[in-house]
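Participant: return atomic coordinates for the entry below.
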Amino acid sequence: MKARKIKKSDADNSERPQSADKVEAILKGAIQEFLTHGYAATTMDRVTAAAGVSKATVYSYFQDKESLFAALVEQLTQKNYQDFNPQDPRFWEGEPAEVLRKLAVNLLKKVECKHEFRDLVRLIIGESGRFPVLAQIFVRNVDQKLFHHLVEYLKSCQELQLPDPEAAARVFIGTLVHYVIVQHMLQAHNIMPMESDRLIDTLIYLLTVNQKDKLADKYAGTRHKSWRRKRSADGKFEPDYQSEPKRLRSIRLTDTAWEQLAAIAEKNQITRSEAIEIFARNGEIELD
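Facilitator: Have a look, this model is predicted:
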């Protein structure tokens with residue numbers, strides 16, 4: 001019986017699961033050593049022993065301790081964001097208050113439930129003085145990516161009327177990070193108690209308090225100049241109500257009223273401003 005000749009593609013496929021298993025074993029051994037002994041005291045020999053692989057295998061995937069640590073941060077980030085992916089455009093769909101609440105709840109939930117991730121952050125903060133590159137790796141892989149997506153989202157939400165979306169994003173993330181540090185890392189939940197829902201509610205209120213009504217803004221007649229009114233020689237509009245004083249200087253309507261007004265104006269081929277003026281002067285207009 002002839003042995004089946006193994007194709008290169010078959011060999012590649014058979015090696016992939018084995019390679020993935022080895023990398024997983026190395027990273028598992030690395031996190032164990034880093035959290036137990038700290039970054040400085042952890043050696044590649046320790047990681048090799050904890051992973052149960054040869055030193056040659058470890059170095060075939062990671063050239064040094066720093067690259068190993070970077071891969072570990074990336075893996076933990078991916079695991080934590082499996083069901084929470086800010087890079088997915090669908091994550092940012094919905095009203096601003098809903099989106100921001102979802103983001104805040106997910107962030108706090110991940111940190112509160114994932115002790116390993118929280119311990120790694122504690123390690124990074126503790127070692128950042130001697131090894132600033134560790135903190136920079138974490139910031140680039142976690143904070144910077146999330147911050148970028150949040151800034152772009154806040155910029156797109158013009159109805160929030162935020163004077164500085166970038167600073168607002170810092171306030172949002174910084175508030176949540178401070179909460180995690182005080183409540184979980186510094187073990188100060190009894191000294192400075194605060195319910196997460198209460199914090200999130202207030203944070204969202206601060207970012208959405210000036211939110212404009214999109215629909216009312218859409219149908220605001222003052223934004224649409226009348227194309228039917230005549231202009232004077234100097235280019236100014238001539239009043240269509242002659243010497244009669246305006247009876248209506250300002251108006252506040254519900255969203256439904258604005259929609260109905262827009263439909264009436266379109267049917268009669270006039271602007272919303274003109275429709276309001278007609279109503280204000282007790283004029284007649286076709287409603288049906």
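Participant: pretty sure residue 65 sits against residue 44.
Facilitator: Yes: assessed by C-beta atoms under 8 Å, residue 65 is found in contact with residue 44 at 6.1 Å. In short, each C-beta sits where N, CA and C put it, glycine included.
Participant: buried sites along stretch 184-196?
Facilitator: The neighbour-count check on stretch 184-196 (16 or more other C-beta atoms under 10 Å) flags 184, 196 as buried.
Participant: what does stretch 60-75 give?
Facilitator: Here stretch 60-75 shows 62, 65, 68-73, 75 as buried, counting by 16+ other C-beta under 10 Å.
Participant: average pLDDT across that stretch?
Facilitator: Mean per-residue pLDDT for stretch 60-75: 88.
Participant: go ahead and name everything in contact with that stretch.
Facilitator: Applying C-beta atoms under 8 Å, 6 or more residues apart in numbering, the external contacts of stretch 60-75 come out as 22-23, 26-27, 30-31, 34, 39, 42-44, 47, 58, 120, 133-134, 137-138, 141-142.
Participant: quick check, residue 63 in a helix?
Facilitator: No: remark: residue 63 does not belong to a helix; assigned using DSSP: H, G, I helix; E, B strand; the rest coil, it is coil.
Participant: any idea how far it is from residue 69?
Facilitator: Taking C-beta to C-beta, to the nearest Å as the measure, residue 63 falls 12 Å from residue 69.
Participant: report the contact partners of the residue nearest to residue 138 when sequence neighbours are not counted.
Facilitator: Using C-beta to C-beta, 6 or more residues apart in numbering and skipping residues adjacent in sequence, the residue nearest residue 138 is residue 124, 5.1 Å away. Residues in contact with residue 124 (C-beta under 8 Å, 6+ apart) are 134-135, 138.
Participant: element containing residue 124, please.
Facilitator: helix 115-127 (DSSP states H and E).
Participant: give the contact list for residue 94.
Facilitator: residue 102.
Participant: tell me the SS of it?
Facilitator: coil.
Participant: likewise for residue 192?
Facilitator: Three-state assignment for residue 192 (three-state DSSP): coil.
Participant: quick check on residue 186: phi, psi?
Facilitator: phi -90, psi 0 (degrees, to the nearest 10).
Participant: circling back: among the contacts of stretch 60-75, which ones are buried?
Facilitator: Buried subset of those (neighbour count, 16+ other C-beta under 10 Å): 22-23, 26-27, 30-31, 34, 39, 42, 44, 47, 58, 120, 134, 137-138, 141-142.
Participant: what angle separates the strand or helix carrying residue 72 from helix 115-127?
Facilitator: Under the criterion of DSSP H and E, residue 72 resides in helix 65-80. With axes from the mean of the first three to the mean of the last three C-alpha atoms, to 10 degrees as the basis, helix 65-80 and helix 115-127 are set at 140 degrees to each other.
Participant: quick one: name whatever helix or strand follows helix 65-80.
Facilitator: Once helix 65-80 ends, the next helix or strand along the chain (criterion: DSSP H and E) is helix 96-113.
Participant: now that following helix: average pLDDT?
Facilitator: Helix 96-113 comes out with an average pLDDT of 87.
Participant: so what secondary structure elements neighbour it?
Facilitator: The helices and strands touching helix 96-113, judged by 3 or more C-beta pairs under 8 Å, 6 or more residues apart in numbering; DSSP states H and E, are helix 115-127, helix 165-180, helix 196-208.
Participant: per-residue pLDDT of residue 246, please?
Facilitator: Residue 246 is given a pLDDT of 47.
Participant: how about residue 208: what's its closest non-neighbour residue?
Facilitator: Counting by C-beta to C-beta, 6+ apart, residue 97 is the residue found nearest to residue 208 once chain neighbours are left out, at 5.3 Å.
Participant: where does this structure dip in pLDDT?
Facilitator: Counting by pLDDT under 70, the ranges of the chain that qualify are 1-18, 80-85, 213-255, 280-288.
Participant: got the contact list for the residue nearest the centre of the chain?
Facilitator: Closest to where the C-alpha atoms of the chain average out (C-alpha atoms, centre = their mean) is residue 150, at 3.7 Å. The contact partners of residue 150, by C-beta under 8 Å, 6+ apart, come to 86, 103, 169, 172-173.
Participant: whichever of those residues end up buried, select them in PyMOL.
Facilitator: The buried subset of those, as determined by 16+ other C-beta under 10 Å, is captured in PyMOL by this line:
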select buried, resi 86+103+169+172+173
